[in-house]
Every structure is written in structure tokens, then in C-alpha cells.
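Participant: Predicted structure and sequence below. I'll ask about it afterward.
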Amino acid sequence: MSNFEIAAVLVSVLGVTLTIRRSMWCWIVNFIAVVMYAYLFYVVKLYGETLLQCVFMAMNIYGFYHWSKAKQHDHEIRLEHLSSKLAWGQIILTMIAGLIFGLSLQQFTDAAVPILDGQLAMFSLLATYWTSRKHIQTWMLWVVVDIVYVGMFAYKGLLPTAGLYAAFVLLAAFGWWQWLQVKQKQQANSY
């Protein structure tokens, strides 16, 4: 455990909390968190997670842009529908991409847990994309992904980060509930 890892944990919790609240600041705070974690994951040879953090940097810029264009007159971010067919199609493609990425990590690096690292990296990208598109389903996906992350980070001895991801499970469940409440309010106001 290092002070740097603890700082990354705190910044990450703030970023997710701001995301749940649908604050535009979430994208800036999350950007800082992913820069910190890119460095940390590189040091512990989780290369899939390192690359993921680099992609997250770009996704945070995209999310900020998409949310800023979608702001409503009441300054609330309007949630969007995701069909089951589209969601399952994206999940299947993500599984395939995760396997390919994991096998690449296994073949070309000394990654600690390449297949798991690859799958988690790809599913994290999908969840972040769904967040940027304002889909409520993002929170269900984050619950599953974060549970698996807890085990991987505990295995790698990153206990504060494992604790962070355990907290992320709870925050994602709360985010799901919170966004459902907002969606119901938005539906009621549109009639």
C-alpha cells in the first residue's frame, strides 16, 4: 500500500460519486484518476489495465463532450434508452474483443493475469461507453465488472484498490437506483 495508491482511490471515489450525481465535473475528476491508475497498473504489470486507463483518458474527453452537448434546459443530464438487442450484441462483441486482447497480452507481455485482465479491460470500456451515452444499464454492468476486479486486485496485493472496487460495487448499485429514480421522473415529466 502506498500513499499514491490511496490518493488514487480517493480521487476515484470522488469521480464515481460525481458521475452518480450526473455532474459534468465527473469527467475531469475521473480523468485525473485514470492518469494516476495508469501509472500504478503499469508498475504492477497489469498492462491491460494500463492500456485501459489510457483509453479511459480519451473516453473521459468523449463523455465530457457528449454530456455537455446533451444538457437540458433544467441543467440535468437526460438519460437514454438502450435496447436489450443492442446491449446483448455489444456484450458478445466485448467478450470476443476481451478474449483477443487477453490472448495478445498472454503472447506478447509478462502480464500477471492476461485473460482476466483483457476481459475486464474490454468490459470496462463498454461500461464507460454506456455511461457516456447515459444508459442506466451501465450501473448493472459496473456491479458485475467491479466484483471481479475486487478479486483480481486482491490477488495482486493491491488491497486499497480492491477495497476501492468493493466500494464501487456499492456505489454502482446506488447509481443504478439513483438513475432509475431520475429516469422515472424524466418519463413522468415528458407526459
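Facilitator: Perfect, thanks for sending it. Residues are numbered from 1 along each chain as shown.
Participant: mind listing the strands for the protein?
Facilitator: Counting by DSSP state E, the chain has no strands to list.
Participant: pLDDT below threshold where in it?
Facilitator: 1, 70-77, 190-191 (pLDDT under 70).
Participant: 80 instead?
Facilitator: 1, 48, 69-79, 186-191 (pLDDT under 80).
Participant: ok, which stretches of the chain are helices?
Facilitator: 3-20, 25-43, 47-70, 84-108, 114-132, 137-155, 159-190 (DSSP state H).
Participant: contacting residues around the residue nearest to V148 when sequence neighbours are not counted?
Facilitator: Distance criterion Cβ to Cβ, 6 or more residues apart in numbering; nearest residue to V148, sequence neighbours excluded, is L120 at 6.2 Å. For glycine as for every other residue, the C-beta is placed from the backbone atoms N, C-alpha and C. By Cβ atoms under 8 Å, 6 or more residues apart in numbering, the contact list for L120 reads 48-49, 52, 98, 145, 148-149, 152.
Participant: want to try a markdown table for those residues, with distance to S2 as columns?
Facilitator: Shown next, in a markdown table, are those (distance: Cβ to Cβ, whole Å):
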| residue | distance to S2 |
| --- | --- |
| G48 | 21 |
| E49 | 16 |
| L52 | 20 |
| G98 | 29 |
| V145 | 24 |
| V148 | 23 |
| Y149 | 19 |
| M152 | 18 |
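Participant: Just the buried ones from these?
Facilitator: 48-49, 52, 98, 145, 149, 152 (16 or more other Cβ atoms under 10 Å).
Participant: between the residues you listed, which is nearest L180?
Facilitator: Relative to L180, the closest of the buried ones among the contacts of L120 is V145; by Cβ to Cβ it sits at 19.1 Å.
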